[in-house]
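>>> Got a sequence here, can you build the structure:
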Amino acid sequence: WLMFKKAHDVGVSKTHSLGGKDVKKFKTDLLKKYQQLQDEEWSLLFPQKSVTLTKLNNKCYVYSNVDGDPIVFDPSGHGDSLIPTVYALSKIPAMIPFLETNPLVSKNILKGADLFLQGISEASIQSVQARGGFLKDQIWSIKIEGNPIPFAVGKMALSFAQAVENQMAGKGLLTLHYFGDHLWHTGSRARPNQGFLDSEIRPIQMDDDVDSAEQAFEAMQVTCPGEHVEEKEEDEHHVHPKLDEIIRSCALGGLKDVKRSELPMTLTSFYTSKMIPLKPEQIVSLDLKNSKYKKIKRLLEELEAEDIVALKTVRKELCVFDIHKDHAALAEWKAIDLGNDSGSMERKAGISSIQTLYKSPPSFSATIFNVDDRSQLFSPKEVDQALLCYIESHGLAHRDNREMLVDEFLASYLFGKKEAPSPGQAVPYDDIRQRLYSKLQEWHSIERVDSDGNRNTILRRGKLQPIQLMPLKRKGREITSITGMESFGYDPKHLSDFLQKRMKTACFVTDIPGKNNVNNEQEVVMSGDWINKRQGKFFLPGVFKEDGIPSSYIKIVNKLKK
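Numbers count the residues shown, from 1 in each chain. So this is what the prediction gives:
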């Protein structure tokens, strides 16, 4: 049923701009088919009343707007089936009814798969039932729970009554067009929002005022077994000193890039599609909360006061309504050049990333992970994706998304003899997932950047253990013991010399006694209590945090605290 999966499908046979009478007839047909559309919505889809009709090699007719974005396609070419594209639905999401699914299912749909009834969320099924269900061959869209923009369009493979009769199992929607297919690539390729990724569609955090698109990504992250999600700590030293200037520059550049046909544009869309792409590489994110603006609304209101932009509420949402392109600030705008200045937001040297990895046993390499290289390491996300692909390719999906069916392989390798379920039995998905992780060998990698900007990766087997800081008394004198620093790439002697200069105290290195010290790790001993009695720049945990080590990997064993 896919119409645009291959490049040949979108090969152009004929193309021409519609004349005035033809545009008027097309508009009448479209508004008649989608009666909820009014003249205002028509102008959003086809600004300047410009419509281009293209006949493709697959005999499909495509109607594009002045920007070249395909807005409507007619599979038959007879004008009796006008179906909106992802570009149209990004402007008017409620143009056709929708079904909701989850990001895991979206991965398969973005590869050209159809939507199975098992992949529709329970809440969406209840909503569909309340609206009277769906009919066979009716056009519906698909979107993710928590993301307002549909990412695929198709026709129903059966009626709702038949779906209920089939116990909500089997194919539900036959995909015709989806985000990222060849039809989408014929347009401007503008992503509807920050949740639209190449491999999957994710939920976003939709507030009245968007503070940071990257915060929306953080809010939707899922913790995998053994994967550590760091807590973001507020630290004034992580804010780039030129952040206000950078944000204003990205806003001006974004306004200069906005096309007239894209207006009105919501503040959300403006931030994610126009400002984020202009972010300098030297900084991590355009986090407005750390700027003087705090919110995108305040930033644009300031620019409105300078007569650069005009804001207006459209359909109960504040939008960029008009842009004065002849304003000197836009006419003279140039991208801000930070050179090699990354401020203090990115460290010139230190740890840049810590990642948990997994190695598959030989029994899983060729079956679940589908690789011949048994030494390959997988991130938690790749492990989850491999399991989902195995479920799909072996037909183990269950109508209840929280469960899956087991086959003989999973039953024998993930369960003990006495607890093994029968092949074909439904088992909670989370149980299978946790059992799979328990069979994998855990590794960890640490990426460290030196003072010259070179990146070095430390890869070790086993779970990463934290650096241990222990204030204690030895021979009546207070000292602070530091162990476990080798895992993070520290040389004990170099660390001792650094701390001696930084803290202005005596430091020395000694071997850790005992048979358990198989890696010949050493201990750095500092004279004095650097945990309980020191603060500010002399607070020892802060030294390691400055170097990029999260607080969760700094363990304090306080034997002197009263």
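
>>> these two touch, right, residue 423 and residue 396?
No: using Cβ atoms under 8 Å, residue 423 makes no contact with residue 396, being 10.0 Å away. To be clear about C-beta, it is placed using only N, CA and C from the backbone, and glycine gets the same treatment.

>>> list residues touching both of those two?
The contact sets of residue 423 and residue 396 overlap at 406-407 (Cβ atoms under 8 Å, 6 or more residues apart in numbering).

>>> neighbour count winner among the two?
Between residue 423 and residue 396, counted using other Cβ atoms under 10 Å, the more crowded position is residue 396 (22 against 14).

>>> got the residue ranges for the strands in the stretch 101-250 of the chain?
115-116, 139-144, 152-156, 171-178 (DSSP state E, counting those that start in this stretch).

>>> Of those, which is nearest residue 550?
For residue 550, the closest of the strands of the stretch 101-250 of the chain is strand 139-144, at 29.6 Å, according to Cβ to Cβ.

>>> Can you give the contact residues for that closest one?
81, 83-84, 89, 93, 96-103, 106, 109, 115, 134, 149-156, 173, 175, 195, 201-203.

>>> May I see the ChimeraX selection of the buried members of the residues you listed?
A single ChimeraX command selects the buried members of those (16 or more other Cβ atoms under 10 Å):
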select :81,83,84,89,93,96,98,99,100,101,102,103,106,109,115,134,149,150,151,152,153,154,155,156,173,175,195,201,202,203
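
>>> So residue 317 versus residue 277, what's the distance?
From residue 317 over to residue 277 the distance is 22 Å, taken as Cβ to Cβ, to the nearest Å.

>>> got it, and residue 268?
Distance, residue 268 to residue 277, using Cβ to Cβ: 15 Å.

>>> Pull the contacting residues for residue 370.
Residue 370 sits next to 386, 389 when contact means Cβ under 8 Å, 6+ apart.

>>> Return the per-residue confidence for it.
Confidence at residue 370, expressed as pLDDT, is 79.

>>> what do you get for the one 3 residues further on?
Model confidence at residue 373, given as pLDDT, is 75.

>>> Looks to me like it is in a helix.
No: counting by DSSP: H, G, I helix; E, B strand; the rest coil, residue 373 is not part of a helix but coil.

>>> burial of it, as a residue count?
Considering only other Cβ under 10 Å, residue 373 is surrounded by 9 other residues.

>>> can you tell me how far it sits from residue 362?
Residue 373 is 11 Å from residue 362, by Cβ to Cβ.

>>> Kindly report the same for residue 323.
60 Å.

>>> what about the two, which has more around it?
Taking neighbours as other Cβ under 10 Å, residue 323 and residue 362 compare with residue 323 leading, 22 against 8.

>>> Wait, that one touches residue 309, no?
Yes: Residue 323 lies in contact with residue 309 (Cβ under 8 Å); the separation is 5.3 Å.

>>> Give the residues shared as contacts by the two.
Shared contacts of residue 323 and residue 309, counting by Cβ under 8 Å, 6+ apart, come down to residue 255.

>>> quick one, phi/psi of the closest residue to residue 351 other than its chain neighbours?
Nearest residue to residue 351, sequence neighbours excluded (Cβ to Cβ, 6 or more residues apart in numbering): residue 548, at 3.4 Å. Phi and psi for residue 548, reported as degrees, to the nearest 10, are phi 100, psi 10.

>>> Please apply the same query to residue 522.
Dihedral angles for residue 522 - degrees, to the nearest 10 - are phi -120, psi 170.

>>> how much space between it and residue 420?
To residue 420, residue 522 is 47 Å away according to Cβ to Cβ.

>>> Between these two, which is the more surrounded one?
Per other Cβ under 10 Å, whichever of residue 522 and residue 420 has more neighbours is residue 522, with 20 against 16.

>>> contacting residues for that one?
483, 486, 492, 509-512.

>>> swap in residue 327?
Neighbours of residue 327 in contact, by Cβ under 8 Å, 6+ apart: 306-308.

>>> change it to 6 Å
Residues near residue 327 by Cβ atoms under 6 Å, 6 or more residues apart in numbering: residue 308.

>>> With residue 354 as the reference, measure out to the residue nearest to residue 351.
Look at residue 548 and residue 354: by Cβ to Cβ, they are 8 Å apart.

>>> repeat for residue 471
On the measure of Cβ to Cβ, residue 471 and residue 354 end up 25 Å apart.

>>> Please identify which of the two sits among more neighbours.
Taking other Cβ under 10 Å, residue 471 and residue 354 do not tie; residue 471 has more neighbours (23 against 19).

>>> Can you report phi and psi for that one?
The phi and psi values for residue 471, taken as degrees, to the nearest 10, are phi -80, psi 130.

>>> So it sits against residue 560, correct?
Yes: with contact defined as Cβ atoms under 6 Å, residue 471 reaches residue 560; the gap is 4.5 Å.

>>> any shared contact partners between the two?
Common neighbours of residue 471 and residue 560 (Cβ under 6 Å, 6+ apart) are residue 529.

>>> Ranking helices and strands of the protein by mean pLDDT, which lands last?
None of the helices or strands of the chain scores lower by mean pLDDT, DSSP states H and E than helix 213-219, at a mean of 35.

>>> before we move on, the earlier item: give me the subset of the contacts of residue 522 lying in strands.
Secondary structure assignment by DSSP state E places 483, 509-511 of those in strands.

>>> Could you export the residues you listed as a markdown table, including neighbour count and pLDDT?
Shown next, in a markdown table, are the ones in strands among the contacts of residue 522 (neighbours: other Cβ atoms under 10 Å; pLDDT from 0 to 100):
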| residue | neighbour count | pLDDT |
| --- | --- | --- |
| 483 | 21 | 92 |
| 509 | 16 | 92 |
| 510 | 12 | 90 |
| 511 | 11 | 88 |
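
>>> out of those, who's nearest residue 45?
Lowest distance from residue 45 to these (Cβ to Cβ) belongs to residue 483, with 64.5 Å.

>>> list the contacts for that closest one?
Counting by Cβ under 6 Å, 6+ apart, residue 483 touches 468, 523.

>>> give me that answer again for 8 Å
Here residue 483 is in contact with 467-468, 470, 512, 521-524 (criterion: Cβ under 8 Å, 6+ apart).

>>> got it, and residue 130?
Applying Cβ under 8 Å, 6+ apart, no residues contact residue 130.

>>> State the distance from it to residue 144.
For residue 130, the distance to residue 144 equals 20 Å [Cβ to Cβ].

>>> so where is the protein shaky, pLDDT-wise?
The model of the chain has pLDDT under 70 over residues 1-2, 205-240, 272, 281-285, 339-349, 399-401, 515-518, 533-538, 561-562.

>>> Next, the buried residues of the helix or strand containing residue 300.
Using DSSP states H and E, residue 300 sits within helix 296-305. Within helix 296-305, the residues that qualify as buried are 296-297, 299-300, 303, counting by 16+ other Cβ under 10 Å.

>>> what's the answer for stretch 524-533, then?
524-526, 528-531.

>>> what does stretch 108-117 give?
Those would be 108-110, 112-117, for stretch 108-117 by 16+ other Cβ under 10 Å.

>>> cool, stretch 136-150 as well?
Within stretch 136-150, the residues that count as buried by 16+ other Cβ under 10 Å are 139-144, 146-150.

>>> Would you mind listing the two of the residues you listed that lie farthest apart?
Greatest spacing in the buried residues of stretch 136-150, by Cβ to Cβ: 139 and 146 (23.2 Å).
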